[in-house]
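Peer 1: Need coordinates for the below:
(2 chains)
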Number of protein chains: 2
Amino acid sequence: MTTKSSKLIHFGPYEVTDQVFYNTPLCYALVNIKPILPGHVLVIPYRAVRRLTDLTTEEVSDLFTTVQRVQKMLAKNYFKNDGAEGKLEDGSFNIAIQDGPESGQTVAHVHCHIIPRTKDSSDEGDGIYDRLQGEEGNVGGGLWDLKRPTPIGKFPKIEDADRKPRSADDMNKEAAFLREQMELVE
Amino acid sequence: MTTKSSKLIHFGPYEVTDQVFYNTPLCYALVNIKPILPGHVLVIPYRAVRRLTDLTTEEVSDLFTTVQRVQKMLAKNYFKNDGAEGKLEDGSFNIAIQDGPESGQTVAHVHCHIIPRTKDSSDEGDGIYDRLQGEEGNVGGGLWDLKRPTPIGKFPKIEDADRKPRSADDMNKEAAFLREQMELVE
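Peer 2: Down below sits the predicted model:
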C-alpha cells in the first residue's frame, strides 16, 4: 500500500502518520527529520516492541523484505549516474539496528536504518557511524522534539547538534514523493 | 544443526568450516578473528551473493530469524550479571550490514554483524562504529589473511591495525563452545 494511511501510525510515543511513505500489513517505512545522508529512512514494525528478538517470524520476514523493497526504490532515486536512473550496483547501503539502549537505541520501538551510500559519501568513512550514534542518529530526539531521549555514549559533535531539523512540510513532501516512487518498484 | 558441517563452508573466497558454530539449510553463523567486542559474530547466507537485495524471501527470513536465535545465545553468555546467566534485557546489540563496497563491505558475500553491547561497552559510544568501518570491521582482511581487501573510507586507526588476530585454534575453540551453547537456545 502506498497511499497515506487512514489510521494514525506511531513510532514509539511519536505520531508519524504523515511521514510514512510505504506500508505493509506488518510494518511501515518512514522519512527522517535529520537524515545522516540523503535518502536515510527507517523501516519499523507496527507492533511497538523494543527488541528484534521480540518480533515473530512473520514480522521479521516482512521487515527485511520491506527493507529490500525500499532499497530498490532508494537506489533508483539516490544512486543517479549522470542524471540517469540509479541501479543497485551504482551505490551501497548501511543497514543498521540499534537493538537496546546500550547500542544507541533512543526510541524503544524496533527500527531499521537504511542509509544510501555513494562513491562521494564513501569518503566520509566511519563518519557515517559516528553520526548514527551521535545526535543525528538520535531518531527520538532528532525526529520529533518531544520526550527527547538522550543517546548513551559519546557526546554528539557540535557540528551535528547544530544541524537544523527539517520542517514537517519538508518531511511530508518527501514522504509524498517516496510514496509515489514505491509504486514504481517491481 | 549445531554439529560441525561435513562439507566445506565458504565466506566469499575464504574457507571457514571450522569457525562456523551454527547453521540452517540456508545460512550459518561464524566467529570472528578480530572481534570488535567479545561475542562479535557474523550470520551469512550459504549462497555467496553480494547484496541483501540478491536474497530470496526465504533466505532473508532465515537469515534474520537466525540472527534472533544467535542473539538469544549471545545474551546468555555475554550479558552475565554477577556471574548469573545473562538475559536479553541485560544488554543490547548492534546489528549491521555493510551492503556494497561504498558502505565498508570488504567481502562480496552478504554478512550480518551481531555485536553484543553492555553497560561497560556503551561507554565506547560510536567507537564501535569507528571500529566496524576500520581495520577490525574488515572481515576479509581481518578474518583471514589471504586476498586481503582494503576497506573504502577513512584510514584505519593505528591502534586497531596493531591488534593481533586470533589463532585458528582460538577461533575453533570458540566455535566449538558456541556450537554447544546454540543447542541450549529454546
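Peer 1: C-alpha from now on. contacts and neighbour counts both.
Peer 2: Will do.
Peer 1: Give me the helices and strands touching the strand ranked longest in chain A, please.
Peer 2: Counting by DSSP state E, the longest strand found in chain A is strand A:92-99. Here strand A:92-99 touches strand A:112-117, strand B:92-99, going by 3 or more C-alpha pairs under 8 Å, 6 or more residues apart in numbering or on different chains; DSSP states H and E.
Peer 1: And the lowest mean pLDDT element among the helices and strands of chain A?
Peer 2: Among the helical and strand segments of chain A, the one scoring lowest on mean pLDDT, DSSP states H and E is helix A:158-161, with a mean of 40.
Peer 1: send the alpha carbons of the helix or strand following that helix over as PDB?
Peer 2: Per DSSP states H and E, the first helix or strand lying C-terminal to helix A:158-161 is helix A:168-182. Written as PDB, here are the backbone C-alpha positions of helix A:168-182 (Å, rounded to 0.1, in the frame of the first residue of the first chain):
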ATOM      1  CA  ALA A 168       7.100  19.000   8.900                       C
ATOM      2  CA  ASP A 169       6.200  20.400   5.500                       C
ATOM      3  CA  ASP A 170       9.600  19.300   4.100                       C
ATOM      4  CA  MET A 171       9.200  15.800   5.500                       C
ATOM      5  CA  ASN A 172       5.600  15.400   4.300                       C
ATOM      6  CA  LYS A 173       6.700  16.400   0.800                       C
ATOM      7  CA  GLU A 174       9.500  13.900   0.800                       C
ATOM      8  CA  ALA A 175       7.100  11.200   2.100                       C
ATOM      9  CA  ALA A 176       4.600  12.000  -0.700                       C
ATOM     10  CA  PHE A 177       7.500  11.800  -3.300                       C
ATOM     11  CA  LEU A 178       8.700   8.400  -1.900                       C
ATOM     12  CA  ARG A 179       5.200   7.100  -1.700                       C
ATOM     13  CA  GLU A 180       4.900   7.600  -5.500                       C
ATOM     14  CA  GLN A 181       8.300   6.100  -6.000                       C
ATOM     15  CA  MET A 182       7.500   3.000  -4.100                       C
END
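Peer 1: Same question for helix A:168-182: list its buried residues.
Peer 2: Neighbour counts using 16 or more other C-alpha atoms under 10 Å in any protein chain shown place A:171-172, A:174-176, A:178-182 of helix A:168-182 among the buried residues.
Peer 1: residue ranges with poor pLDDT in chain A?
Peer 2: A:1-6, A:121-164 (pLDDT under 70).
Peer 1: show me where it has strands.
Peer 2: With strands called from DSSP E, chain A shows them at A:10-11, A:14-15, A:20-23, A:27-31, A:41-45, A:92-99, A:112-117.
Peer 1: export those to JSON lines and tack on mean neighbour count?
Peer 2: Formatted as JSON lines, these follow (neighbours: other C-alpha atoms under 10 Å in any protein chain shown):
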{"stretch": "strand A:10-11", "mean neighbour count": "19"}
{"stretch": "strand A:14-15", "mean neighbour count": "14"}
{"stretch": "strand A:20-23", "mean neighbour count": "26"}
{"stretch": "strand A:27-31", "mean neighbour count": "24"}
{"stretch": "strand A:41-45", "mean neighbour count": "25"}
{"stretch": "strand A:92-99", "mean neighbour count": "24"}
{"stretch": "strand A:112-117", "mean neighbour count": "25"}
